[in-house]
Structure formats: structure tokens, C-alpha cells
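J.: Here is my input; please provide its structure:
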Amino acid sequence: MTVAGAAACAGAGLIAAGGLGALSGPWRRALAVQGLGVGVLAVAAIIVFAGGTPVGAGFRSGVHPAFGLDALSGFFLLVLCIVAAPALAYARGTLPAGGRSAALAALTAAFVLAMAGLVAARDITTFLACWELMTLVPAAAMLVSRQDEEVRRAVLVYVGITHVAGVGVWATMLILSARGVLGGAPLAPGGLQSFVLVAALIGFLTKAGIAPLHVWLPRAHPVAPSHISALMSGVMIMLGIYGLSRVLFLWLTSVPTWVGVTLVGLGSLSALVGVLYALVQRELKRLLAFSSIEHAGIVVLGIGAALLLGSAGQPQWAAIAFAGAMLQILNHAAFKGALFLGAGAVGDAAGTLRVDRMGGLLRRMPVTGGAIGVAALAIAGLPLLNGFVSEWIGLQALLRLPVDETSGLALVGAFGAATLAATAGLAALCFVALAGLMLLGHARTPETAAAREPALAVRGAIGFLAALCVVLAVLAGVLVPRLAQLGPGSWSASAALGLDLPGTGTLPTPVLLLALGVLSGFVALARGRRRAAPTPVWVSGQADEPPLAWTLAGFTKPLRLMVDGVLRTQRESITESSAGIIESVRFRGDVPHVFDTHAFEPLLRLAARGGRLARRVQSGSLRAYLGYLVALVFVLLLLLRLEVLS
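T.: Numbers count the residues shown, from 1 in each chain. Model prediction:
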């Protein structure tokens, strides 16, 4: 057995031992054992990803369980480990004493193992089993942590939608296995391939939270424990992209152009829907959930661009587009993991997740607040951080789609590029406003004023992911050439600290970061110990009170007015008067989710009505059931007589 194989087995064994130990012994120690297992698993992932030599079994169409790792599996396993290690440290430092925490520790181990098993699965049985466990385990964790009506309804929607759409994953994998594609020759174009493509798009993109199949995501992620939310958003939804990438680039051949166009369209829709609805949220974890929809859309944009560039005879840029999508997955794991863990820490310290009730947290929680600030700037796509690098690669790839009088690929590329640029601008508005309202200014509630730093393990977990946002920006020139070898096309480029794409110039992030650091140090030395004297804020002669402070709605109101035809904002004013004298006027506004109100909820009502009708059939009467059987036999005989059945 190779070193990577031994490390993978040892890491999985330690995680499993930690999960079992949480049920039979001290659960904090069990979480530490799980963290050690994740670290060992990360060693295996790095060896396989960097070296490119597969370990274990290869893909096979049989049903006997088999595990193995190739470079793509190693990359996704590394993404999992990057989020799982700090998530476990966070859970160890924040979960309260009690039996529920022990159950959550065991479920966390099961969740990590299910995701690791999915990327290592080499047969249909293991793949589908891990796919289902990956869905059910976090649902169980939500129900263990909370039992209120909101959580039960969120779990019902989450499990229902992902399982109904998961039929597409089952159909895809069963057909490919029956045709001997797993480990054999790719499925050629034809009617069956088209069916597989439609099924795969529905099944895998629903798990990725792509619009319009995303309605489960903003319900489930906010109600999950923060470390589970980080794993769901940072890793689980991106494993839908892993499965789709296997289908498109390994198990099928000559994928038609319409698939790439569809992916660019769905990715654009998801990116815009995600960032627009993130802008109008007031609850922090729900805002981050919509942001995950946005970033999943950006990844799908890159996958679609890779398909179109490959079909247009540009293998170099197809490889670069795929590398940009994979780098976006890695970057998203870093900053979204930091933000979800940071949201949990801030919520515990301030007693609320309402953004408009925070403020001044950077002064009271300098380490946690600073890490949240770095992650917010990274997810906003600001230069010199990792989010900017991957989005810049995606933008360059979309602009390389050729001008063709017949195919219209240039128009598709221009549409995708314009969408990506608009999304980047809106994300900058969203997260700069979020960081300002949370971290700066005065505390808006007594609980926020009393906020203090969390435990050292929690600070370390959030700080590690925030620091990774800077490290990944520096190492982009090393990572992108390796990631380009994992998908379609070919691009021969040497690793370097600066990212150099053909025909675009160099992105010297390390040099720029070094210059910024030197300049900041010079300014700090020149300032010395001098500090600006605080002065009162002028608010039209009134007292500077929290209700007069800026809110997230105030920042986004000009934009909301521009797109109100899409958002359909509901406004209400409540006037209280006495003896003809107005005593108070209150305004209330709400932005309903259009996909919920016009698509999902009508379907849910229709399904409930169908369920009530079906319940009448279950009368409990034996004579009624015998009558159903007689009617069924009569229908079958009639179909045989009409030669409908042979």
C-alpha cells in the first residue's frame, strides 16, 4: 500500500473512531480525534492531488464496494479537509455540555465520512450510498440541535427537494453502470446520452443549489449548527459540481453545445439571484446562504465556459476555464467557512444574528472581527485576495469564446461575462456594507456592547480560514496550472507565484501584497502613537442613538428601487393615532422570495392536496383493498387484450 493509501485509510479510521467515541466517551476528546483524522486525510489528499498518481481501485461498473483516489478526488478531498478541520475545532470550543452535543459530534463524523466516501467511491453502490448519507446526516444534525417548527419545516423541504431531484442522480448512475461506462468507454452521443445529461443536470445541480432548484438552501443552512452550515455550504453543495464534472468530462464523450449554453444560463441566473437576495437579507446566516447560491452559479459558469471552449476548438482556454471553476470552489470553501463559523461566534457573543443589531464588534472582538473582515473582503472579490483571482480567470475565459456567425458563442460569452461582472459589483456592495455594519461604529444593543472574544480554538479556526484567503491568492500561480490538468483541454504552464494567463498579462498578487504591507508599515511608523480624537456625530441636532444608525436596508434601498419589479417588495405603514392626533408611524417592508411565492409554494400546496386525496384511498377497509386488487387485475387483462402489454 502506498503512503497516500495508508494515510487515507488511517484518516478515515480515526474519524470513524472519533464518531463512535463521541457516543461512548468524552465527546470533546472524540472531536479532537476526528480533527487528527482529518489532518491525516489531508496528507493523503495533498499527495494524490499534487503527484497525480491514483491510489486504490479505479472506477468500475460493478456493485461491489470499491474505493480509490485520483487527482480530482484528491482535490475535492483537500477542500473537505480544509473546512472540516476548523469546523471540528469550532464545534469543540462552542458546543455546550450534554447529550445533544455528543450526538452532534457523532453526526459530524458521519457527515465528513459520507463526503469523503463520495469522492473516493469507485462503484455505483458506494457512490449512491454516500450521496444519500450526505443528505440525511445534516438533516439529522439540524433536528438534534433544534426541535422547533421552523427547523422541522426546513428539514422537510430540504430532504424532500433533494431526494426528488436526486432521482436524476440515481437514473444517471444506474444507466452509466448498466452500460459499463464506469471504468469503460464513455457513453457516445444519442438519445440515451441526452437523457443522462438532463437527469444529471437536474440531480447534481439541485444539490449544488443552482436556481431555480435552490429553494431548499436558504431554508436549511441558517437553521443548522454553525459548523454543519460551514460544511454544507463550503463542501457539500460543491460535491454536486464534482458529480457533474465526472459525468461531463469522464463518462460522456462529445457533449453537445446546448449543455454548455444551459450551464452558462443557469450559472448566470444563480449568480444574480443569489447576490440580489443576499443584499436584502437582514439575518446573517440567511444572507450567507444566498451568497452560496451566487458562488455555486459562478462555478457553473466556469464549467459551462470550459465545455463551450472545448467544443470551439480552444483546448487551452477550456483547461483554464475549468481551473478557474475549481479554484473558485477552493476559495469559496475558505471564505464561506470563515464567515459561517464567524457568524456562529458573533451570534453567541452578541445574542443575535440580525445584522442591524450589531456594530462595533471589531473593537470588542478584534481577532474574530478581523478574520470576518478579511473573509468579507475576499468573498466580495476585491483585488489581492483569493476571490478576485478565480473570478478574474472566469471572466477572461468567457471573453475568449470565439466570434462565430453561426454558433453565437460570442454572444453567450458576452452575456456570461456581463453577468459575472454585475455579480462581482453587487457582491462588493453587499459584503462591504455587511462588514461595515457588523464590525464598525457603535454597538446597537446592550448584548452587542458586552460581546467578548470566543475561546482560543474558535478564534484559531476562523483565523486559519481567513489567513487561507490571503495564502490562496499568493499561490494562485502554483495552483491554476495543476488544476488545469484535472479537466478538459490542455494547458502547459509552469508553476509560479504570479499568475500569467496567455494573452492577458500577469497578475502579480504576491508583489502587490508585499508592496501594500510595506506601505502600511511605513504609514504606521509615521503615525507613531498618535490617535485621532473622537468627536460627536452630527445627526441633525438629535442624540446619536442606535435607531438612527445606518441599516443594511438603507445601504441597498437605491438598488432595491431599481429592481423592485423583480424583487416585488411588500411595504406596509402602520399609523397609530388618538383623538385625531398621530402618535406614531411605523414602516415595515419585506422582500418575498419570488421562486417561493410563484413556483415552490404552489407546487407544495398541490402536493399536499394530492396527499390528502391519496389518504382517502387508505380507508382501512379490507373490502376496499380487495376491490382495488380486482380493479388492477381487470385493467391488466384489458391491456393484454388490447396488446398494449405483451
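
J.: So what's the residue count around the closest residue to Ile46 other than its chain neighbours?
T.: Counting by Cβ to Cβ, 6 or more residues apart in numbering, the nearest residue to Ile46 once its immediate chain neighbours are dropped is Leu78, at 6.2 Å. In this view, the C-beta of every residue, glycine as well, is placed from N, C-alpha and C. Leu78 sits with 21 neighbouring residues when counted by other Cβ atoms under 10 Å.

J.: again with Gly359
T.: 25.

J.: Tell me if I'm right that it and Met438 touch.
T.: Yes - contact status for Gly359 versus Met438: in contact at 7.0 Å, counting by Cβ atoms under 8 Å.

J.: re earlier: from Leu217, how far off is the residue nearest to Ile46?
T.: Taking Cβ to Cβ, to the nearest Å as the measure, Leu78 and Leu217 are separated by 24 Å.

J.: Please apply the same query to Leu231.
T.: Using Cβ to Cβ, one gets 14 Å for the distance from Leu231 to Leu217.

J.: and the residue nearest the centre of the chain, what does it touch?
T.: Closest residue to the average C-alpha location of the chain: Ser233 at 3.5 Å, with Cα atoms, centre = their mean. Each residue near Ser233 by Cβ atoms under 8 Å, 6 or more residues apart in numbering is listed here: His221, Leu288, Ala289, Ser292, Lys336, Gly337, Phe340.

J.: got a list of what Gly5 touches?
T.: Applying Cβ under 8 Å, 6+ apart as the definition, the contact partners of Gly5 turn out to be Ala44, Val55, Gly56, Leu69.

J.: Thr504 now?
T.: For Thr504, the set of contacting residues under the criterion of Cβ under 8 Å, 6+ apart consists of Gln396.

J.: change it to 10 Å
T.: Thr504 is in contact with Ile320, Trp392, Ile393, Leu395, Gln396, Leu399, Arg400, counting by Cβ atoms under 10 Å, 6 or more residues apart in numbering.

J.: and what of Leu632?
T.: With contact set as Cβ under 10 Å, 6+ apart, Leu632 has no partners.

J.: Could I get the average pLDDT for the helix or strand where it lies?
T.: Using DSSP states H and E, Leu632 maps to helix 622-641. Confidence over helix 622-641, taken as the mean pLDDT, stands at 85.

J.: now that helix, how far from the chain's geometric center?
T.: On the basis of Cα atoms, centre = their mean, to the nearest Å, the separation between the geometric centre of helix 622-641 and that of its chain is 49 Å.

J.: Which residue ranges make up the domains of the protein?
T.: 257-519, 594-641 (automatic domain parsing).

J.: these two touch, right, Gly441 and Trp550?
T.: Yes - between Gly441 and Trp550 there is a contact under Cβ atoms under 10 Å: 8.0 Å.

J.: So which of those two has more stuff around it?
T.: Neighbour count, other Cβ under 10 Å: between Gly441 and Trp550, Gly441 has more, with 18 against 13.

J.: any idea which element the nearest residue to that one once chain neighbours are set aside lies in?
T.: Across the structure, with Cβ to Cβ, 6+ apart as the measure, the residue nearest Gly441 apart from its sequence neighbours is Gly359 (4.6 Å). Counting by DSSP H and E, no helix or strand carries Gly359.

J.: separation between Gly359 and Pro546?
T.: Here the criterion is Cβ to Cβ. By it, Gly359 lies 8 Å from Pro546.

J.: wait, is Asp500 part of a strand?
T.: Yes - according to DSSP: H, G, I helix; E, B strand; the rest coil, the state of Asp500 is that of a strand.

J.: Any regions of this structure where pLDDT drops low?
T.: Counting by pLDDT under 70, the ranges of the chain that qualify are 403-407, 547, 565, 570-571, 589, 598-599, 644-646.

J.: Count the neighbours of the nearest residue to Ala121 once chain neighbours are set aside for me.
T.: What sits nearest to Ala121 in space, not counting adjacent residues and going by Cβ to Cβ, 6+ apart, is Phe127, at 4.0 Å. Close neighbours of Phe127, defined as other Cβ under 10 Å, add up to 24.

J.: re the thing from before, what is in contact with Gly359 and Met438 at once?
T.: Taking Cβ under 10 Å, 6+ apart as the contact criterion, the residues that touch both Gly359 and Met438 are Ala350, Thr448.

J.: which residues in the stretch 51-200 of the chain form helices?
T.: Listed in chain order, the helices of the stretch 51-200 of the chain (DSSP state H, counting those that start in this stretch) span residues 71-94, 99-120, 124-145, 149-178, 191-207.

J.: which stretch among the ones you listed comes nearest Cys469?
T.: helix 71-94 (11.3 Å; Cβ to Cβ).

J.: C-alpha coordinates for that closest one, CSV please?
T.: Listed in CSV are the C-alpha atoms of helix 71-94, where the atom choice follows Å, rounded to 0.1, in the frame of the first residue of the first chain:
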residue,chain,number,x,y,z
ALA,A,71,-6.2,13.8,-8.8
LEU,A,72,-9.7,15.2,-9.0
SER,A,73,-10.8,13.2,-6.0
GLY,A,74,-7.7,14.3,-4.1
PHE,A,75,-8.6,18.0,-4.8
PHE,A,76,-12.1,17.7,-3.5
LEU,A,77,-10.9,15.7,-0.5
LEU,A,78,-8.5,18.5,0.2
VAL,A,79,-11.3,21.0,0.0
LEU,A,80,-13.2,18.9,2.5
CYS,A,81,-10.3,18.7,4.9
ILE,A,82,-9.7,22.5,4.7
VAL,A,83,-13.2,23.2,6.0
ALA,A,84,-13.6,20.1,8.3
ALA,A,85,-10.5,20.7,10.4
PRO,A,86,-11.5,24.2,11.6
ALA,A,87,-15.2,23.2,11.8
LEU,A,88,-14.3,20.5,14.2
ALA,A,89,-12.2,22.9,16.3
TYR,A,90,-15.1,25.3,16.3
ALA,A,91,-17.5,22.6,17.5
ARG,A,92,-15.1,21.5,20.2
GLY,A,93,-15.0,25.1,21.5
THR,A,94,-18.6,26.0,21.3
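
J.: Taking helix 99-120 as reference, get the angle to it.
T.: 170 degrees (axes from the mean of the first three to the mean of the last three Cα atoms, to 10 degrees).

J.: Buried residues in stretch 94-112, which are they?
T.: Judged by neighbour count using 16 or more other Cβ atoms under 10 Å, the buried positions of stretch 94-112 are 94-95, 100-112.

J.: tell me which element Glu572 falls in.
T.: Going by DSSP H and E, Glu572 is in strand 570-578.

J.: What residues sit buried inside stretch 259-272?
T.: Going by neighbour count (16+ other Cβ under 10 Å), the buried part of stretch 259-272 is 259-272.

J.: for that stretch, the distance to its chain's centre please.
T.: Here the centre of mass of C-alpha atoms in stretch 259-272, compared against the chain's by Cα atoms, centre = their mean, lies 16 Å away.
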